[in-house]
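Task: produce atomic coordinates for the following.
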Amino acid sequence: MSWSAFVDESESNRKLDPDVYILAASIISADSCEAVRDAVRRFRLPGQRKVHWRDESEKRRRWLAEAVASLDALHLVVVRRGYVGEPSERRRRKTRERLLFELSAMGVHGMLMEGREAKQNRHDLSLVRALRARKEVPSGFRVDHAFGSEEPLLWLPDVVAGSVVAARCGDPCHLASLMPLVTICMIEA
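I've put the predicted structure just below:
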């Protein structure tokens, strides 16, 4: 069976949980992608371009976490606590390294990340090339980028990452719905 990962990121609350970077991957079998995508499209409210955790009400966040938990997907989250003053891009790079390693070990063949600026996307691809050269990820592992407004499956890891941030900042109710489907890897600087 072929598996793909859909990846989004979040920095935690800078006051309550400083220097923490989170990458969430929703892992879906190729056979399930279309059905899950169709279900996720229904999450969007009239007028919304995409579902985005930070823009949602508390009531809607609860609903989204429960809805994501009902789908045919597993979730891997890498949380990295950096050191004070560490650049965000370094935290992101270290988190991506671990995520790529974990996904490869799980047999995932590729991932789609929410796109950022072109320069940042090139850094993502450069990291993958370096990890391939060191044989830390398979040579055939694919990494692509898309905008969240174009790919509804990117909304899943956004909800998962938001739930993890909420739990780390004292509100575990959203993550509780998802926990049977979530694996969290903690790494320290």
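
Residues in a beta bridge with the residue most central in space within the chain, which ones?
Residue closest to the average C-alpha location in the chain (C-alpha atoms, centre = their mean): A24, at 2.4 Å. Going by DSSP bridges, A24 is paired in beta bridges with D8, V77.

just checking, it touches L154?
No: assessed by C-beta atoms under 8 Å, A24 is found out of contact with L154, at 10.2 Å. All C-beta spots, glycine's among them, are computed from the backbone N, C-alpha and C.

Helix or strand with the lowest mean pLDDT in the chain?
Lowest mean confidence among the helices and strands of the chain (mean pLDDT, DSSP states H and E): helix 118-133, at a mean of 82.

average pLDDT across the next helix or strand along the chain from that one?
Later in the chain than helix 118-133, the nearest helix or strand by DSSP states H and E is strand 142-146. When pLDDT is averaged over strand 142-146, the result is 90.

List the pairing partners of strand 142-146 within its sheet, with orientation.
According to DSSP bridges, strand 142-146 has these partners: strand 110-114 (parallel).

quick check, V79 in a helix?
No: going by DSSP: H, G, I helix; E, B strand; the rest coil, the assignment for V79 is strand, not a helix.

What is the burial count for it?
23 (other C-beta atoms under 10 Å).

Spit out the contact partners of it.
When contacts are counted by C-beta atoms under 8 Å, 6 or more residues apart in numbering, V79 touches V20, Y21, I22, T95, V164, R168, I184, C185, M186, I187.

about what we covered before: report the contact partners of the residue nearest to the centre of the chain.
V7, D8, E9, S10, H75, L76, V77, P157, D158, V160, A161, V164 are the contacts of A24 under C-beta under 8 Å, 6+ apart.
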